[in-house]
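Trainee: The following comprises the amino acid sequence and a computationally predicted model.
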Amino acid sequence: SPSDPDLVERARAAKEKLGSKVFVLGHHYQRDEVIQFADVTGDSFKLARDAAARPEAEYIVFCGVHFMAESADILTTDDQKVVLPDLAAGCSMADMATAEQVAECWDVLTEAGIAEQVVPVSYMNSSADIKAFTGKHGGTICTSSNAKRALDWAFEQGEKVLFLPDQHLGRNTAVRDMGMSLEDCVVYNPHKPNGGLTADELRAAKMILWRGHCSVHGRFSLESVEDVRARIPGVNVLVHPECKHEVVAAADYVGSTEYIIKALEAAPAGSKWAIGTELNLVRRLANRFAPEGKEIVFLDKTVCFCSTMNRIDLPHLVWALESLAEGKLVNRIEVDKETEAFAKLALERMLALP
Ligand code: 13P
Ligand code: SF4
């Protein structure tokens, strides 16, 4: 739907008043009405790097979700302030691993006598606490665009990986890109005693996957892939690695949001694509590439936005920008110093991956 012209004008005016003091980052899953005001758009890896590369901006307005704003705060200087236009924009996946649960898991690994062989690898989609745990225990962060490189690195440091919190990205990367088998992976369930695993199972595993998932990508099924192939002959199925293993195994291509965009840019006219990721992005790409004769559809029959990404809407963005323009700092995301130091270690290991 077209944005309210009054709000568009107010956002433009506030941004103009702030000038180079503000830098607006927009994740690809954001609404069109918000994306139009982003100085840069990207996947979570690109946005983390871009946030760190703007030391002159006093305010970083992060149009995305809470863990991304935290990461931006960790990677920017102490003088820079990161603002999340709606504090309720969280991520259900990130919430699936709490600091206490992860500390308990480490105790279980210690009891099983394997903690010393385990390197934690945490998906960007995790709280600053989990990133700090990762840094403290010699591990790295990864995103969907560098998960293989992160695992390659981790298996040079140790024999086993504890992958947090997205079991699907962990499993898909291990099996698709690293030549491991499904049997090399076990799932640690934080709601069960000892994660629901025996010490022998833990000792035999190469990948210990945290039992977390994305509810948005979890809705795509093998049936969605089979349906779309029947409906659109010759269709290319392209999905995000947060999808279940069976969906990824049935797809033609797998990659991060940035990868998906590049694949469609390179696609020939007349090609047909079914995309398994968040709907704001799929719709934007379908509109963008339709004039070039590329047919792009959403992988599932029912719609699926990420409800927390969608919380950042134009009214919230206008409110944040106007407040900043009046000298009022609102919705600042600030990670405490100790957490920040260890989380930064883990994030910097990711940024240094070859
Ligand atoms: P990427 O932007 O890294 O592909 O991640 C997708 C996502 O789910 C972010 O929440
Ligand atoms: Fe979290 Fe999934 Fe939304 Fe990404 S799409 S922010 S992983 S709930």
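Mentor: Nice, thanks for sending it over. Ligands and ions are numbered 1, 2, ... in the order given.
Trainee: so where is this protein shaky, pLDDT-wise?
Mentor: Applying pLDDT under 70 to the chain picks out residues 1.
Trainee: At the geometric centre of this protein, which residue do we find?
Mentor: Asn125 (4.8 Å; CA atoms, centre = their mean).
Trainee: so how far is Ala97 from that residue?
Mentor: Computed with CB to CB, to the nearest Å, the distance linking Asn125 and Ala97 is 10 Å. Heads up, the C-betas are built off the backbone N, CA and C, glycines and all.
Trainee: and stretch 329-342, which residues are buried?
Mentor: Neighbour-count burial for stretch 329-342 flags 330-331, 333, 335, 339-340, 342 (criterion: 16 or more other CB atoms under 10 Å).
Trainee: List the contacts of the residue nearest to the centre of the chain.
Mentor: The neighbours of Asn125, taking CB atoms under 8 Å, 6 or more residues apart in numbering as the test, are 44, 67, 91, 93-94, 165-166, 214.
Trainee: distance of it from ligand 1?
Mentor: 5 Å (CB to the nearest ligand atom, to the nearest Å).
Trainee: List the contacts of Lys17.
Mentor: So Lys17 contacts Ala325 (CB under 8 Å, 6+ apart).
Trainee: Now the element after the helix or strand harbouring it, going C-ward?
Mentor: Following DSSP states H and E, the helix or strand that holds Lys17 is helix 5-18. Once the chain leaves helix 5-18, the next helix or strand it forms, by DSSP H and E, is strand 22-27.
Trainee: What residue in the stretch 51-200 of the chain comes nearest to ligand 2?
Mentor: Nearest to ligand 2, among the residues of the stretch 51-200 of the chain, is Cys91, at 3.3 Å (CB to the nearest ligand atom).
Trainee: Can you name the residues that contact the residue lying closest to that residue once chain neighbours are set aside?
Mentor: Excluding the flanking residues, the one nearest Cys91 by CB to CB, 6 or more residues apart in numbering is Val65, at 4.6 Å. Residues near Val65 by CB under 8 Å, 6+ apart: 27, 84, 89-91, 94, 308-309.
Trainee: again, only this time at 10 Å
Mentor: 27, 29-30, 44, 84, 86, 88-94, 125, 306, 308-309, 311-312 (CB atoms under 10 Å, 6 or more residues apart in numbering).
Trainee: now Thr134
Mentor: 102, 119-123, 126, 140-142, 162, 164, 342-343, 345-347, 349-350.
Trainee: what's the answer for Arg211, then?
Mentor: If you count contacts by CB under 10 Å, 6+ apart, then Arg211 has 96-97, 165-167, 187-192, 195-196 around it.
Trainee: With Val235 instead?
Mentor: Listed by CB under 10 Å, 6+ apart, the contact set of Val235 reads 225, 228-229, 252, 271-274, 295-297, 299.
Trainee: Tell me the one of the residues you listed nearest ligand 2?
Mentor: For the contacts of Val235, the nearest to ligand 2 is Leu299 (14.0 Å; CB to the nearest ligand atom).
Trainee: Tell me if I'm right that that closest one and Arg219 touch.
Mentor: Yes. Counting by CB atoms under 10 Å, Leu299 touches Arg219, with 9.3 Å between them.
Trainee: buried residues in the helix or strand hosting Val34?
Mentor: Using DSSP H and E, Val34 sits in helix 32-35. In terms of neighbour count (16+ other CB under 10 Å), helix 32-35 has its buried residues at 33-35.
Trainee: and the helix or strand encompassing Ile74, how far out from the chain's middle?
Mentor: Using DSSP H and E, Ile74 sits in helix 66-75. Centroid displacement of helix 66-75 relative to its chain, using CA atoms, centre = their mean, to the nearest Å, is 12 Å.
Trainee: ok, now stretch 336-343?
Mentor: For stretch 336-343, the distance to the chain centre is 20 Å (CA atoms, centre = their mean).
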